[in-house]
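Visitor: have a look; sequence and predicted model below, questions after that.
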Amino acid sequence: MRIVTATNRNLLDQIAAKEFRQDLYYRLNVFPIQVAPLRDRAQDIPILAKLFLAEFSNRTPGTKTTFSADALSLLSKQPWVGNVRELRNLVERSHLLHSGKTIMTKDLQLPADRTLSAATETIQTLAELERDHILNIYQQTGNNKSKSAERLGINRLTLRRKLKEYGIE
């Protein structure tokens, strides 16, 4: 039998403080692996977020959800006090509560205190907001230009021009 354990505490300090049994430490400490906290591995955050999102998307047949580049950037800037568990929970919550096929920054279910500081760090221009909104509606309608234009309240030719600007079709 193998036992895999994890802790965020220094067990040697816990032994010295008589809060952890020394004999148990030596039984468990066969092959220690030190892993830095997620906040120190920002390059791993987009990879993990995409992995978790793919897992949650696979639970719902016929849906393929992705993150916008801005959303991934915002996730990479978070402190992740709860490490990978916190990231996983946030991705699942965002997946459940978002609309469309792309999770945008507004769809991220960040704690309120983080949302305010994050919002000041990633201010989008009006053109970026318009682009994100148009692409989100376009994806929601299954790339149907007529339905998208109708939902957006714009002319179909205007939508075609905008999509061309964005490098779509």
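Guide: Cool, got the structure.
Visitor: per-residue pLDDT, the residue lying farthest from the centre of the chain?
Guide: Ranked by distance from the centre of the chain (CA atoms, centre = their mean), the top residue is Asp23, with 40.5 Å. Asp23 carries a pLDDT score of 95 in this model.
Visitor: and Leu38, by the same measure?
Guide: pLDDT, Leu38: 89.
Visitor: next secondary structure after the least confident helix or strand in the chain by mean pLDDT?
Guide: In the chain, the helix or strand scored least confidently by mean pLDDT, DSSP states H and E is helix 112-121, which has a mean of 50. Counting by DSSP states H and E, the next helix or strand C-terminal to helix 112-121 is helix 126-140.
Visitor: okay, and the residue farthest from the centre of the chain sits in which element?
Guide: helix 22-28.
Visitor: and Ile45, by the same measure?
Guide: Here Ile45 sits within helix 45-59, counting by DSSP H and E.
Visitor: what's in contact with that helix?
Guide: 38, 63-67, 72, 75-76, 78, 80, 84, 87-88, 91-92, 95-96, 103 (CB atoms under 8 Å, 6 or more residues apart in numbering). To be clear about C-beta, it is placed using only N, CA and C from the backbone, and glycine gets the same treatment.
Visitor: go on, stretch 132-146?
Guide: Residues contacting stretch 132-146 (CB under 8 Å, 6+ apart): 68, 70, 99-102, 104, 124, 147-148, 151-152, 156, 159-160, 162-163, 166, 168.
Visitor: 7 Å instead?
Guide: 68, 99-102, 104, 147-148, 151-152, 156, 159-160, 162, 166 (CB atoms under 7 Å, 6 or more residues apart in numbering).
Visitor: what of stretch 81-100?
Guide: Under the criterion CB under 7 Å, 6+ apart, residues 37-38, 45, 48-49, 52-53, 56-57, 65, 80, 103, 107-109, 136, 139-140 lie in contact with stretch 81-100.
Visitor: may I have it as PDB, with CA atoms only?
Guide: The C-alpha coordinates for stretch 81-100 follow below in PDB (Å, rounded to 0.1, in the frame of the first residue of the first chain):
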ATOM      1  CA  VAL A  81      -4.400  31.500  -1.900                       C
ATOM      2  CA  GLY A  82      -6.300  28.300  -2.100                       C
ATOM      3  CA  ASN A  83      -3.800  27.000  -4.800                       C
ATOM      4  CA  VAL A  84      -5.000  24.600  -7.400                       C
ATOM      5  CA  ARG A  85      -8.300  23.700  -5.600                       C
ATOM      6  CA  GLU A  86      -9.300  27.400  -5.600                       C
ATOM      7  CA  LEU A  87      -8.500  27.700  -9.400                       C
ATOM      8  CA  ARG A  88     -10.400  24.500 -10.100                       C
ATOM      9  CA  ASN A  89     -13.500  25.600  -8.200                       C
ATOM     10  CA  LEU A  90     -13.500  29.000  -9.900                       C
ATOM     11  CA  VAL A  91     -13.200  27.400 -13.300                       C
ATOM     12  CA  GLU A  92     -16.100  25.100 -12.500                       C
ATOM     13  CA  ARG A  93     -18.300  27.900 -11.100                       C
ATOM     14  CA  SER A  94     -17.500  30.100 -14.100                       C
ATOM     15  CA  HIS A  95     -18.300  27.200 -16.500                       C
ATOM     16  CA  LEU A  96     -21.700  26.600 -14.800                       C
ATOM     17  CA  LEU A  97     -22.700  30.300 -14.700                       C
ATOM     18  CA  HIS A  98     -21.400  31.700 -18.000                       C
ATOM     19  CA  SER A  99     -23.400  32.000 -21.300                       C
ATOM     20  CA  GLY A 100     -22.000  31.300 -24.700                       C
END
